[in-house]
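In: Sequence below, structure please.
(one chain, ligands or ions: 1)
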Amino acid sequence: MNILIIEDERAIAEVEKAYIEREGFSADIAGDGLTGLAKFNSGNFDLVLLDLMLPGMAGADVCSEIRRSSNAPIIMVTAKSGEEDIVAGLDAGADDYIVKPFSPKILMARIRANLRKGGGENTAAASLIKVGDSLVIDPQNFTVKKNGEEISLTRNEFLILSRMASRPEKTWSRDDLITYALGYEYEGFERSIDSYIKNIRKKLSDAEHDNGYIRTVHGFGYKISDGVK
Ligand code: CA
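Out: The predicted structure is shown next:
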């Protein structure tokens, strides 16, 4: 599945892209309506995530332009106060809308629902993430198992662990983890990442240093090591 994100706020677009990719789909970003239309027309997209407040061409106009040539599902992304924009967008042929700030779970549920309606969704479930031989993370059902035993993590602990595990051996700064795992609506401090990591290690009975799942990269942040047995 290939999803086009039309969104002028780069940080929001990057977070949406990260969530979409974690689900096993691919995503492309356009920063304004005209670029979005050009990309849509030259690519092969299964769904469009369309911000309504765009510079230049309004979201509702982008929507009706896309509708001239395609029935791909369009989900509008809008601010709370945007009732009139939502109505205009739906009138212009959008299928659904989602209000900012949204949770990644809601975003992905809406995307899956609209892909199903469009009839195009590949029924293969998002793939499991494995770390070494013992740890299995299921991004679809938000579960983690170690040697077959389910480990109970909080939402933020799960998001941090699964994000890191999706790219083994990549070093994540605390700031990266806030942006790419917890998302822009997260209002904590970089140091709170350390307490999440500490809790995850405790729950996984993870070794502190060189032979654990989560390695501390001094001066930088953390990474997941794939070499764990
Ligand atoms: Ca905007």
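
In: all strands for the chain, in order.
Out: Remark: strands assigned in the chain by DSSP state E are 2-6, 26-30, 47-51, 74-78, 96-99, 129-131, 135-138, 143-146, 149-151, 172-173, 214-217, 221-224.

In: quick one: is the third one near the ion?
Out: Right, the one you point to is strand 47-51. Yes - contact of strand 47-51 with the ion (C-beta under 5 Å from the ion) involves D51. Backbone N, C-alpha and C define where each C-beta goes, glycine included.

In: related to what we said a few turns ago, and the strands of the chain, which is most packed in?
Out: strand 47-51 (a mean of 26; mean count of other C-beta atoms under 10 Å).

In: ok now do the residue in the chain positioned nearest to the ion, which residues does it touch?
Out: Closest contact between the chain and the ion, by C-beta to the ion, is at M53 (3.9 Å). With contacts defined as C-beta atoms under 8 Å, 6 or more residues apart in numbering, M53 is in contact with 8, 59, 78-79, 82, 85.

In: same deal with G59?
Out: So G59 contacts 6, 33, 50-53, 76, 85, 89 (C-beta under 8 Å, 6+ apart).

In: what separates it from I20, distance-wise?
Out: Going from G59 to I20 by C-beta to C-beta, to the nearest Å gives 19 Å.

In: can you give me phi and psi for the residue of the chain closest to the ion?
Out: Note on M53: backbone dihedrals following degrees, to the nearest 10 are phi -90, psi 90.

In: least confident pick among the contacts of G59?
Out: In terms of pLDDT, the lowest of the contacts of G59 is D85, showing 79.

In: Using CSV, write out every CA atom in stretch 140-155.
Out: Provided in CSV are the C-alpha atoms of stretch 140-155 (Å, rounded to 0.1, in the frame of the first residue of the first chain):
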residue,chain,number,x,y,z
GLN,A,140,-0.9,-4.7,14.9
ASN,A,141,-2.1,-5.9,18.3
PHE,A,142,0.3,-3.9,20.5
THR,A,143,1.7,-7.0,22.2
VAL,A,144,5.3,-8.0,23.2
LYS,A,145,6.3,-11.6,24.0
LYS,A,146,9.6,-12.8,25.4
ASN,A,147,10.1,-16.5,25.1
GLY,A,148,6.4,-16.8,24.4
GLU,A,149,5.4,-15.0,27.6
GLU,A,150,3.4,-11.8,27.1
ILE,A,151,5.1,-8.7,28.7
SER,A,152,2.8,-5.9,29.8
LEU,A,153,4.1,-2.5,28.6
THR,A,154,2.4,0.9,28.8
ARG,A,155,1.5,2.6,25.5
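
In: Could you name the helices and strands sitting against the lowest-mean-pLDDT helix or strand in the chain?
Out: Of all helical and strand segments in the chain, the minimum by mean pLDDT, DSSP states H and E falls on helix 83-91, at a mean of 81. For helix 83-91, the packing partners by 3 or more C-beta pairs under 8 Å, 6 or more residues apart in numbering; DSSP states H and E come out as helix 59-69, strand 74-78, strand 96-99.

In: Give me the buried positions along the first one.
Out: Within helix 59-69, the residues scored as buried using 16 or more other C-beta atoms under 10 Å are 59-63, 65-66.

In: Quickly check: that helix near the ion or not.
Out: No - Helix 59-69 is not in contact with the ion by C-beta under 5 Å from the ion; minimum separation 8.2 Å.

In: what do you get for the second one?
Out: No - shown here: strand 74-78 not in contact with the ion (C-beta under 5 Å from the ion), separated by at least 8.2 Å.
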